[in-house]
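Novice: sequence unknown, structure follows:
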């Protein structure tokens, strides 16, 4: 049924049909080209999230403490305030998980088994850990927000892009004091 009262004779215009097909093909090709050239998650190994904006947002959250260095942390659970705090060179026992701002886990003590505790010397770590751990007491659990300049800086390490903020959940399980 047609909206016209009497049947109409149509004229085929093969040239216009061909032009429409070319136009649709060009539109599709240009869309694919734009999508193909867009910045994907690992196009240039730069973080997708602006580090400065991310750290400013974190620092404005309730309960987050920011140090003059730019390191930010939030106490999730407090251990005994009279508990041991590590110093450089001490052996520490920690349970931790490291994430990128987009949520990707780049390291975890659990990769060695669920609820694993890792022992390591408090030395030679990223600056963010070297600043935070001596302020912690055994039993503390902190969220640590490390700006790029206290992390891996402009280096790309594994899945960590250069200039990326780092987020750690760290539980200080124990400290073995070494003679300094």
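Specialist: Good, I have the coordinates. No experiment lies behind these values; they were computed from the predicted model shown.
Novice: all contacts plus neighbour counts: C-alpha atoms, from now on.
Specialist: OK.
Novice: for residue 106, helix, strand, or coil?
Specialist: Residue 106 falls in the strand class when you classify it by DSSP: H, G, I helix; E, B strand; the rest coil.
Novice: and it, what does it touch?
Specialist: For residue 106, the contacting residues are 97, 98, 99, 100, 158, 159, 160, taking CA atoms under 8 Å, 6 or more residues apart in numbering as the criterion.
Novice: can you tell me how far it sits from residue 79?
Specialist: Distance, residue 106 to residue 79, by CA to CA, to the nearest Å: 26 Å.
Novice: Check residue 175 too.
Specialist: Distance of residue 175 to residue 79, given as CA to CA: 13 Å.
Novice: who's more crowded, those two?
Specialist: residue 175 (22 against 18; other CA atoms under 10 Å).
Novice: so what's that one up against?
Specialist: Neighbouring residues of residue 175 by CA under 8 Å, 6+ apart: 84, 85, 86, 90, 91, 92, 93, 138.
Novice: Excluding residues flanking it in the chain, which one is nearest the third one?
Specialist: Distances taken as CA to CA, 6 or more residues apart in numbering put residue 134 closest to residue 86, at 5.0 Å, once the chain neighbours are dropped.
Novice: gap between that neighbour and residue 69?
Specialist: Distance from residue 134 to residue 69, counting by CA to CA: 15 Å.
Novice: Same question for residue 147.
Specialist: Remark: distance between residue 147 and residue 69 (CA to CA) = 9 Å.
Novice: hang on, the earlier thing: list buried members of the contacts of residue 106 by neighbour count.
Specialist: 97, 98, 99, 100, 160 (16 or more other CA atoms under 10 Å).
Novice: Residue 99 against residue 107, yeah?
Specialist: Yes - shown here, residue 99 and residue 107 form a contact pair, counting by CA atoms under 8 Å, at 7.2 Å.
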